[in-house]
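**Q** I'll drop the sequence and a predicted model, then ask my questions.
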Amino acid sequence: MQENDFYLVDAFSASSFGGNPAVVCPLDAWLPDETLLRMAQQHNQSETAFFVCTKGGIELRWFTTLTEVNLCGHATLAAAYVLFHELDYPDSRLHFDTASGRLTVSREGDWMTLDFPACPTQAQTPPPEMLTALGLSHYV
């Protein structure tokens, strides 16, 4: 039986049982996707973050109990917390290579900041039914 360390981290909170929980699993190498999914199901949290440190950087992936997802902010911060506070990552900035591109987390004292990617937006026309349901006659 293979053993893997994991951490349950309460993101956005300084106390246990607060904030938004995520499981973080550091790995020596990537396991099959089915194994990652089964591990996420066993942990039974909204997201489980898996990372592998390579010569090229830190690769990060997220799984729900149903599938892999492209981005998860609180689990990214949870993974950064584990690297900074449990695994003694030496720098004040770390970079994750993810399906959504490169994500950077910076720390200053007890605070961490995630450089979250912005997605391009497009103007949309709301359906008339939505305007009616919201009690609006027009929109800007």
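**A** Arrived safely. Keep in mind that this is a model prediction, so the values were computed, not measured.

**Q** how about the strands in the protein?
**A** Taking DSSP state E as the test, the strands found in the chain are 7-11, 20-27, 48-54, 57-63, 68-69, 93-98, 101-108, 111-115.

**Q** Output the ones you listed as TSV; include the columns distance to residue 83 and mean neighbour count.
**A** Using the backbone N, CA and C atoms, a C-beta is placed for each residue, glycine as well. Shown next, in TSV, are these (distance: least, C-beta to C-beta, whole Å; neighbours: other C-beta atoms under 10 Å):
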stretch	distance to residue 83	mean neighbour count
strand 7-11	10	19
strand 20-27	8	22
strand 48-54	8	21
strand 57-63	7	21
strand 68-69	20	14
strand 93-98	6	18
strand 101-108	8	15
strand 111-115	10	13
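
**Q** Now render these as a markdown table, adding distance to residue 39.
**A** Shown next, in a markdown table, are those (distance: least, C-beta to C-beta, whole Å):
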| stretch | distance to residue 39 |
| --- | --- |
| strand 7-11 | 13 |
| strand 20-27 | 7 |
| strand 48-54 | 7 |
| strand 57-63 | 8 |
| strand 68-69 | 12 |
| strand 93-98 | 18 |
| strand 101-108 | 22 |
| strand 111-115 | 24 |
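
**Q** Which one, of those, ends up nearest to residue 86?
**A** strand 7-11 (6.3 Å; C-beta to C-beta).

**Q** centre of the chain versus that closest one, how much separation?
**A** 11 Å (C-alpha atoms, centre = their mean, to the nearest Å).

**Q** how big is the angle separating that strand from strand 20-27?
**A** Using axes from the mean of the first three to the mean of the last three C-alpha atoms, to 10 degrees, the direction of strand 7-11 lies 140 degrees away from that of strand 20-27.

**Q** Find the least confident helix or strand in the protein, judged by mean pLDDT.
**A** Every helix and strand in the chain was compared by mean pLDDT, DSSP states H and E; the lowest is helix 128-133, with a mean of 91.

**Q** I am finished for the moment; much appreciated.
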